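Colleague: Fold the stuff below for me.
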Amino acid sequence: MAIEIRVPTLGESVTEATVGQWFKKPGEAVAVDEPLCELETDKVTVEVPAPKAGVLSHISVEQGQTVEV
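Modeller: Numbers count the residues shown, from 1 in each chain. Predicted coordinates:
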């Protein structure tokens, strides 16, 4: 069963973020709440945790790309 990782709410005025780096590669195991990637905005940098334990199947948004909240 695939779990989609979504950008968390980062504040009222923040509408997008840049993927700073991925801490895991496709095929690697992850534990629940383990940091998967880092998101950067002009105001804050946050780590996005894994919502469940499992294996990272693929990365849809590469490092340096912008994502919407």
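
Colleague: Quick check: pLDDT value at the nearest residue to Leu56 once chain neighbours are set aside.
Modeller: The shortest distance from Leu56 to any non-neighbouring residue, by CB to CB, 6 or more residues apart in numbering, is to Lys24 (4.9 Å). All C-beta spots, glycine's among them, are computed from the backbone N, C-alpha and C. pLDDT, Lys24: 94.

Colleague: Just the element for Lys24, please.
Modeller: Of the helices and strands defined by DSSP states H and E, none includes Lys24.

Colleague: Surely it and Leu36 touch.
Modeller: Yes. Applying CB atoms under 8 Å as the test, Lys24 and Leu36 come out as touching, 5.7 Å apart.

Colleague: shared neighbours of those two, anything?
Modeller: Common contact partners of Lys24 and Leu36 (CB atoms under 8 Å, 6 or more residues apart in numbering): Val30, Leu56.

Colleague: who's in contact with the residue nearest to Leu56?
Modeller: Counting by CB under 8 Å, 6+ apart, Lys24 has contacts Val30, Glu34, Leu36, Cys37, Leu56.

Colleague: Take those residues and keep only those in strands.
Modeller: Val30, Leu36, Cys37 (DSSP state E).

Colleague: residues making contact with stretch 34-44?
Modeller: 5, 7, 10-11, 14, 16-24, 30, 45-50, 56, 67.

Colleague: residue contacts, the closest residue in space to Glu28 that isn't next to it in sequence?
Modeller: Nearest residue to Glu28, sequence neighbours excluded (CB to CB, 6+ apart): Leu56, at 5.5 Å. Shown in contact with Leu56 (CB under 8 Å, 6+ apart): Lys24, Lys25, Pro26, Gly27, Glu28, Val30, Leu36.

Colleague: From Gly11, how far off is Leu56?
Modeller: 27 Å (CB to CB, to the nearest Å).

Colleague: Check Val61 too.
Modeller: 20 Å.

Colleague: got it, and Ile59?
Modeller: Taken as CB to CB, the span from Ile59 to Gly11 is 25 Å.

Colleague: ditto for Glu68
Modeller: Where Gly11 is concerned, Glu68 sits at a distance of 14 Å (CB to CB).

Colleague: Neighbour count for these two, which is higher?
Modeller: Gly11 (10 against 7; other CB atoms under 10 Å).
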